[in-house]
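Chemist: below are the sequence and a predicted model; questions follow.
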Amino acid sequence: MRIGSRRDDDFEINVISLIDVLLTLLMFFVLSTTFIQHSRVKVDLPKADAEARESTDNALTLMVDRDGHYAVGSDEVMGEGIEPLKATLERVAGPDRSRVVVIRADANTAHQNVVRAMDALGQLGFTHLSIATTPSEAPAR
């Protein structure tokens, strides 16, 4: 008779080291993940439907001509670059950043000028942009 001996079929699995490895992997993936903010500014893509227009009664209008000159409402932006544009936008818009901003760009303006206007609006905190278009003519049949 053997007193105090263990049976051969009893065994244990120590899971503490497995939990340590899993927590280490979890922390690695959480800390190494990049959280990308896809867009700070919401842009409503232009539509040619005359019937599907949103109300722009209280909208702030930003106009860009073909030479890259800006006008906010009826005030022309004096100076070159993004800083004079931001200063004019702040002065005209006031503290309300939830207003809809309608960008009216000439069809022949450089893309960079429109992007500069959108960048200035995004830096100031405007989140609702709309690009004005004219209805396209129906194709001839």
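Modeler: Alright, I've got the coordinates.
Chemist: any idea how far residue 13 lies from residue 22?
Modeler: 14 Å (CB to CB, to the nearest Å). For every residue, glycine as well, the C-beta is placed using N, CA and C.
Chemist: so the two - more neighbours on which side?
Modeler: Taking other CB atoms under 10 Å, residue 13 and residue 22 do not tie; residue 22 has more neighbours (11 against 5).
Chemist: looking at this, that one is in a strand?
Modeler: No: in this structure, residue 22 is helix, not part of a strand, as judged by DSSP: H, G, I helix; E, B strand; the rest coil.
Chemist: pull up the gap between it and residue 16, please.
Modeler: 11 Å.
Chemist: do residue 23 as well
Modeler: Taken as CB to CB, the span from residue 23 to residue 16 is 11 Å.
Chemist: so which residues of this protein form helices?
Modeler: Applying DSSP state H to the chain gives helices spanning 16-32, 82-93, 111-124.
Chemist: mind putting the ones you listed into CSV with distance to residue 61 and mean pLDDT?
Modeler: Below are the helices of the chain laid out as CSV (distance: least, CB to CB, whole Å; pLDDT from 0 to 100):
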stretch, distance to residue 61, mean pLDDT
helix 16-32, 45, 90
helix 82-93, 10, 90
helix 111-124, 11, 90
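Chemist: how about JSON lines for those, with distance to residue 59 added?
Modeler: Listed next are the helices of the chain as JSON lines, based on distance: least, CB to CB, whole Å:
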{"stretch": "helix 16-32", "distance to residue 59": "42"}
{"stretch": "helix 82-93", "distance to residue 59": "11"}
{"stretch": "helix 111-124", "distance to residue 59": "12"}
